[in-house]
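Q: need a 3D model of the following:
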Amino acid sequence: MSKFGELIDVEIPVLLDFYTEWSDESVAMHPVLRDVAAALGDKAKVIKIDVDKNKELAEALRVKGLPTLIIYKDGEMKWRHSGEQDANTLIGIIQDFV
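A: Numbers count the residues shown, from 1 in each chain. Predicted coordinates for the structure are as follows:
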């Protein structure tokens, strides 16, 4: 978990995407998240977390539905959503925290 703390305790917004390769909705978010990362550049981070490989973290954060998207800034959860989102919506939400 200490690595997780280092990931989220930064001054820029961090969008975490909790996903699995067997979830169609999760896989559908991959190109959307690439677009979000490209649009925001170094103003934010986009990090994908495979739930199957990070079960403890997913359980600790009570991730139930996939994909689950969470934005952290300065180590604090700012926004959370389960299910798909489009790139423009996500970019707008993240820019609120930049």
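
Q: name the residues of the longest helix anywhere in the chain that are buried.
A: Counting residues, the longest helix found in the chain (DSSP state H) is helix 24-40. Using 16 or more other Cβ atoms under 10 Å as the test for burial, helix 24-40 gives 26, 29, 32, 33, 35, 36, 37, 40. Where you see a C-beta, it was placed from the backbone N, CA and C, and this is true even at glycine.

Q: what sits up against it?
A: Identification of contacts with helix 24-40 by Cβ atoms under 8 Å, 6 or more residues apart in numbering yields 15, 17, 19-21, 44-46, 48, 66-67, 69, 83-87, 90-91, 94-95, 98.

Q: now do the SS call for the most centrally placed residue in the chain.
A: Nearest to the centroid of the C-alpha atoms of the chain, with distances taken as Cα atoms, centre = their mean, sits residue 16, at 1.8 Å. Taken by DSSP: H, G, I helix; E, B strand; the rest coil, the conformation at residue 16 corresponds to strand.

Q: so it bridges to which residues?
A: residue 47, residue 70 (DSSP bridges).

Q: my read is that it contacts residue 67, right?
A: No. Residue 16 is not in contact with residue 67 according to Cβ atoms under 8 Å; the separation is 9.8 Å.

Q: so residue 10 sits in a strand?
A: No. Assigned with three-state DSSP, residue 10 falls outside any strand and is coil.
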